[in-house]
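**Q** give me coordinates for this.
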Amino acid sequence: MDMKSNHVASVLTDPVPMSKSRLGIHSSLLPCSPTGMSLSPVLYLTIPRKKPILGILDDVRSGGWLDAMKSSSPPPKKMTKESSTVSDENEVEYSSWLQLKYPSALASFERIALHAKDKRIALFLDYDGTLSPIVDNPDRAFMSDAMRLAVKEVAKHFPTAIISGRSRDKVYDFVGLTELYYAGSHGMDIMGPVRSPESVDDHLNCIRSTDEQGKEVNLFQPASEFLPMIDEVFRSLVKKTKAIKGATVENNKFCVSVHYRNVDEKDWTTIAQRVIDLLKRFPRLRLTHGRKVLEVRPVIDWDKGKAVEFLLESLGLSNCDDVLPIYIGDDRTDEDAFKVLREGNRGFGILVSSKLKDSKAFYSLREPNEVMEFLNSLVRWKASSGV
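**A** The predicted structure follows:
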């Protein structure tokens, strides 16, 4: 692939299929549990996966869920005269964490560039907390104009995709760039380049379509059969959380997000309990956890890591020694992508975090402004390399 060329894929809405190759869900994507079995694999937190449902509910009542919700999204520390010494200690600890485990991708840029020499970079980006700051109102998680320009420029040089827990349409509305590929609902809704003819049967839920510019694209939705179920859960959770002040429920097409960032902490356990009670009726759905958000998702073997592999294959960049994938993200759902890149030393995961945490990433950045600086560094490096 010529790395000088643009990689354009307009992804506004689901287009009308030109030709349909959907034959059903591939066997590797079938739900992990048949309808009717217990909810043992539902929770992916600090709670053991094999625990029977009664044990899970006991954990909710005893505060297990509350502990997980607190540890996942600790409140920001307020600077006071009394806390300045503690903050200094935290900074020292963070610096040690950087040096020993996840060095700064900015400080290590020369090393990354050396590794990328004579290779084709493929760039994958999370949205919330990576390209935009985390905000109280998820509907106002806008990226800055400077960040949009940085993403636009980097996409001129490298194939670039955004893989978000948001619906694909919603994240496109936030970003508004046609130069990118978009994967919504944690990779369960991908619009990307037309794949090579020899690999067309590998993923049976792929539809050949056209976008609004008339360009041929592939729409891949491995969880399409879950849409009615997701819609039902969304409507139910809106009703069940209506009385909880600050709670918001977001329909991200193939997953439902219950945000509790603006909810009083004393009500967090109530939210978790109501979501779990509802999921007893839906054993083919599971509950995962993000930054002050509970997410209901289909139980299929698909995640952001699988989405990265799919997009690399679609771009003709899989199983190539001269390709360097880079994934930048801040959330626990991004760990699936970090793991894929770490396996076999295929590429680099970059964790966006100003706090200490364990990760499968190789490098780190503190916050979106550093992400923007890293993207701009990639553009400058590409321009100076003359390739």
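
**Q** direction included, what does the helix or strand that contains Leu219 pair against?
**A** Element membership for Leu219, per DSSP states H and E: strand 216-220. Strands that pair with strand 216-220, judged by DSSP bridges, come out as strand 189-192 (antiparallel), strand 206-210 (antiparallel).

**Q** C-alpha coordinates for that strand, PDB please?
**A** Provided in PDB are the C-alpha atoms of strand 216-220 (Å, rounded to 0.1, in the frame of the first residue of the first chain):
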ATOM      1  CA  GLU A 216     -17.800   1.000  -2.300                       C
ATOM      2  CA  VAL A 217     -17.400   0.000   1.300                       C
ATOM      3  CA  ASN A 218     -17.900  -3.000   3.600                       C
ATOM      4  CA  LEU A 219     -20.400  -2.900   6.500                       C
ATOM      5  CA  PHE A 220     -19.700  -5.500   9.100                       C
END
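
**Q** report the buried residues of that strand.
**A** Val217, Asn218, Leu219, Phe220 (16 or more other C-beta atoms under 10 Å). Heads up, the C-betas are built off the backbone N, CA and C, glycines and all.

**Q** re earlier: including mean pLDDT, could the strands paired with strand 216-220 go into a markdown table?
**A** Compiled in a markdown table, the strands paired with strand 216-220 are given as follows (pLDDT from 0 to 100):
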| stretch | mean pLDDT |
| --- | --- |
| strand 189-192 | 90 |
| strand 206-210 | 75 |
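
**Q** let me have the ones you listed in JSON lines, extended by distance to Leu312 and mean neighbour count.
**A** What follows is the strands paired with strand 216-220, written out as JSON lines (distance: least, C-beta to C-beta, whole Å; neighbours: other C-beta atoms under 10 Å):
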{"stretch": "strand 189-192", "distance to Leu312": "10", "mean neighbour count": "27"}
{"stretch": "strand 206-210", "distance to Leu312": "15", "mean neighbour count": "20"}
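
**Q** for Leu378, find the nearest of these.
**A** Leu378 sits nearest to strand 189-192 of all those, at 20.7 Å, using C-beta to C-beta.

**Q** how far is that closest one from where the chain is centred?
**A** 13 Å (C-alpha atoms, centre = their mean, to the nearest Å).

**Q** contacts for that strand, please.
**A** 9, 11, 161, 167-168, 181-184, 209, 211, 217-221, 253-254, 307, 310-311, 314-315 (C-beta atoms under 8 Å, 6 or more residues apart in numbering).

**Q** for Trp381, which non-adjacent residue is spatially closest?
**A** Ala113 (5.2 Å; C-beta to C-beta, 6 or more residues apart in numbering).

**Q** now that neighbour: how far from Glu343?
**A** The gap separating Ala113 from Glu343 is 23 Å, by C-beta to C-beta, to the nearest Å.

**Q** these two: who's more crowded?
**A** Counting neighbours by other C-beta atoms under 10 Å for Ala113 and for Glu343 shows that Ala113 has the greater number, 16 against 11.

**Q** report the distance from the helix or strand in which the more buried one is found to the chain centre.
**A** Ala113 is part of helix 109-116 when elements are defined by DSSP H and E. Once both centres are worked out by C-alpha atoms, centre = their mean, helix 109-116 turns out to sit 25 Å from its chain's centre.

**Q** give me the angle between the helix or strand that that helix is followed by and helix 109-116.
**A** Later in the chain than helix 109-116, the nearest helix or strand by DSSP H and E is strand 120-125. For strand 120-125 against helix 109-116, the angle by axes from the mean of the first three to the mean of the last three C-alpha atoms, to 10 degrees is 130 degrees.

**Q** dump strand 120-125 to PDB, restricted to CA.
**A** C-alpha atoms of strand 120-125 as PDB (Å, rounded to 0.1, in the frame of the first residue of the first chain):
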ATOM      1  CA  ARG A 120       3.700   0.900   7.100                       C
ATOM      2  CA  ILE A 121       1.900   2.400  10.200                       C
ATOM      3  CA  ALA A 122      -1.800   1.600  10.700                       C
ATOM      4  CA  LEU A 123      -3.300   3.800  13.400                       C
ATOM      5  CA  PHE A 124      -6.300   3.000  15.600                       C
ATOM      6  CA  LEU A 125      -7.800   5.400  18.100                       C
END
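
**Q** in its sheet, what does it sit against?
**A** Strand 120-125 is paired, per DSSP bridges, with strand 160-163 (parallel), strand 323-329 (parallel).

**Q** distance to Glu232 added to those strands, as JSON lines?
**A** Converted to JSON lines, those look like this (distance: least, C-beta to C-beta, whole Å):
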{"stretch": "strand 160-163", "distance to Glu232": "26"}
{"stretch": "strand 323-329", "distance to Glu232": "30"}
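
**Q** redo those as TSV? Include mean neighbour count, mean pLDDT and distance to Leu227.
**A** As requested, these are exported to TSV (neighbours: other C-beta atoms under 10 Å; pLDDT from 0 to 100; distance: least, C-beta to C-beta, whole Å):
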stretch	mean neighbour count	mean pLDDT	distance to Leu227
strand 160-163	27	97	20
strand 323-329	25	98	26
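
**Q** about what we covered before: report the buried residues of the helix holding Ala113.
**A** Phe109, Ile112, Ala113, Ala116.

**Q** stretch 228-244 now?
**A** Within stretch 228-244, judged by 16+ other C-beta under 10 Å, the buried ones are Met229, Ile230, Val233, Phe234, Ser236, Leu237, Val238, Lys240, Thr241, Ile244.

**Q** which one of the strands paired with strand 120-125 lies nearest to Leu285?
**A** Leu285 lies closest, by C-beta to C-beta, to one member of the strands paired with strand 120-125: strand 160-163, at 20.7 Å.
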